[in-house]
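K.L.:
Okay, here's the prediction I keep looking at, along with the sequence it came from:
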Amino acid sequence: MQELKDIIRDVSDFPKKGIVFKDITTLLGDAKSYQQMIDLMSHRYIGKKIDKVVGVEARGFIIGAALAYKLGAGVVLVRKPGKLPFSTFKKTYDLEYGTDTLEIHTDAIKPGENILIADDVLATGGTMGAVVDMVQNLGGNLYECCFMAELEFLHGRKKLPDGKVFSLLKF
């Protein structure tokens with residue numbers, strides 16, 4: 001795991017002064033590391049009867065689609081407002097300063113389907129908490145929220161259902 005952590009680049013003062021941003025593009029751009037990361041994450045869910053993997057805009061698409069392929073599951077996209085062409089369910093949630101909104105197609109998840117939600121990094125948990133709410137409102141059975149990495153010092157997992165969080169890498 002340390003090898004994967006080491007390939008992730010730290011960018012100081014991005015997006016604002018005082019923040020050290022974990023830039024995962026270095027890992028995604030390295031074929032061997034990307035394959036290893038997806039293999040390690042997918043191994044956890046093989047044989048668990050996952051019906052769909054929900055990918056959260058935008059980096060969650062990269063991880064979610066690869067996991068869905070490995071698991072033989074469908075892919076569901078959660079996007080910013082106005083990006084999905086059909087009827088949507090919207091969820092507005094609180095950020096540190098203000099609010100944001102996400103959308104999912106109303107027919108993307110059928111009641112009782114087993115859902116894995118995938119994203120790149122668990123930070124404060126606000127976005128993922130909103131996505132969990134969306135999945136449950138559509139009748140999905142949340143199997144787990146999985147992340148390539150978790151910034152533990154931000155305590156984001158406290159905003160998510162107990163025992164339903166997996167992070168491959170922890171910082």
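P.N.:
Cool, got the structure.
K.L.:
Give me the distance between the residue positioned nearest the centre of the chain and Lys17.
P.N.:
When Cα atoms, centre = their mean is applied to the chain, the residue found nearest the centroid is Asp119 (1.7 Å). Asp119 sits at a distance of 25 Å from Lys17 (criterion: Cβ to Cβ, to the nearest Å). The way it works is simple: take the backbone N, C-alpha and C, and place the C-beta from them, glycine included.
K.L.:
ok, back up a step: report the contact partners of the residue nearest to the centre of the chain.
P.N.:
For Asp119, the contacting residues are 55-56, 59-60, 63-64, 127-128, 131, 145-148, by Cβ atoms under 8 Å, 6 or more residues apart in numbering.
K.L.:
And the strands in the protein?
P.N.:
Assigned by DSSP state E, the strands in the chain fall at 9-12, 20-23, 52-56, 74-78, 88-95, 98-105, 114-122, 141-150, 165-170.
K.L.:
Can you add distance to Gly156 and give those strands back as a markdown table?
P.N.:
Formatted as a markdown table, the strands of the chain follow (distance: least, Cβ to Cβ, whole Å):
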| stretch | distance to Gly156 |
| --- | --- |
| strand 9-12 | 19 |
| strand 20-23 | 13 |
| strand 52-56 | 13 |
| strand 74-78 | 17 |
| strand 88-95 | 13 |
| strand 98-105 | 15 |
| strand 114-122 | 5 |
| strand 141-150 | 7 |
| strand 165-170 | 8 |
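K.L.:
Of all those strands, which one comes closest to Ile46?
P.N.:
Taking Cβ to Cβ, strand 114-122 is the member of the strands of the chain nearest to Ile46, at 11.6 Å.
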